[in-house]
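>>> Build me a model from this:
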Amino acid sequence: MNERHDSDFVVERQNKKRKSFNGVKLREGESPVLNARISAGIYWKACAVVLLSFLIGLIAWQLGVFLLCVAIITASTGFLTKKFLFLALTNQRVLMRRGIIKVDTMQLRLESLESVEVQRTLVGQFLGYASVVITGVGTRFTLVPFVANAVEFRDALDDALYKKEKPSDSKE
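Take a look at the predicted model:
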């Protein structure tokens, strides 16, 4: 009664062979290129509120305690954002995940990539992070903030796109 077909074994064997890259199953022939690092600068707002709470706490301790609670909430939000924020590059696609309550996951094949930008704020310049904006074909775009190696990620993505375009140029 417990018969298994040969096709079941083939599918099971293929699933075991598939590599995983940060929890995402890679396709056949796909290999990881670069994983974006999320900066510790994600906690800068919480640190600023803690400092403010101590300064104001010297004058009005109740307000200082309230601001300390706000700092704890801000730090918790930063921790959860850092835990769920994900940006990675393989030789075939870009993988992204962001959000805490509403988690937005996106897999964009390199062929359907339109542009990649690096945006730095003044605080990001001091703390060593930037936002990576990836635009797919059409109007869909995704912003991934607090990336410590944003320029390295952009350069690796440019290299991957160049390698994808190069074989098509040699056919002409």
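>>> Dump the biggest helix by length in the chain to PDB, keeping only the CA atoms.
Secondary structure of the chain per DSSP state H: the longest helix is helix 61-84. Below are the C-alpha coordinates for helix 61-84, written out as PDB (Å, rounded to 0.1, in the frame of the first residue of the first chain):
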ATOM      1  CA  TRP A  61      12.300  63.000  35.300                       C
ATOM      2  CA  GLN A  62       8.800  61.900  34.200                       C
ATOM      3  CA  LEU A  63       9.300  63.200  30.700                       C
ATOM      4  CA  GLY A  64      12.800  61.500  30.700                       C
ATOM      5  CA  VAL A  65      11.200  58.200  31.700                       C
ATOM      6  CA  PHE A  66       8.600  58.600  28.900                       C
ATOM      7  CA  LEU A  67      11.400  59.300  26.400                       C
ATOM      8  CA  LEU A  68      13.300  56.300  27.600                       C
ATOM      9  CA  CYS A  69      10.300  54.100  26.900                       C
ATOM     10  CA  VAL A  70      10.100  55.700  23.400                       C
ATOM     11  CA  ALA A  71      13.800  54.800  22.900                       C
ATOM     12  CA  ILE A  72      13.100  51.200  23.900                       C
ATOM     13  CA  ILE A  73      10.300  51.000  21.300                       C
ATOM     14  CA  THR A  74      12.500  52.600  18.700                       C
ATOM     15  CA  ALA A  75      15.400  50.200  19.400                       C
ATOM     16  CA  SER A  76      13.000  47.300  19.200                       C
ATOM     17  CA  THR A  77      11.700  48.500  15.900                       C
ATOM     18  CA  GLY A  78      15.300  48.800  14.700                       C
ATOM     19  CA  PHE A  79      16.200  45.300  15.900                       C
ATOM     20  CA  LEU A  80      13.200  43.700  14.100                       C
ATOM     21  CA  THR A  81      13.900  45.700  11.000                       C
ATOM     22  CA  LYS A  82      17.500  44.500  11.000                       C
ATOM     23  CA  LYS A  83      16.300  40.900  11.500                       C
ATOM     24  CA  PHE A  84      13.800  40.900   8.600                       C
END
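>>> Output the contacting helices and strands for that helix.
helix 44-57, strand 93-98 (3 or more Cβ pairs under 8 Å, 6 or more residues apart in numbering; DSSP states H and E). The way it works is simple: take the backbone N, C-alpha and C, and place the C-beta from them, glycine included.
>>> And the average pLDDT for that helix is what?
The pLDDT scores in helix 61-84 average 95.
>>> what's downstream of it, the next helix or strand?
Downstream of helix 61-84, the first helix or strand assigned by DSSP states H and E is strand 86-90.
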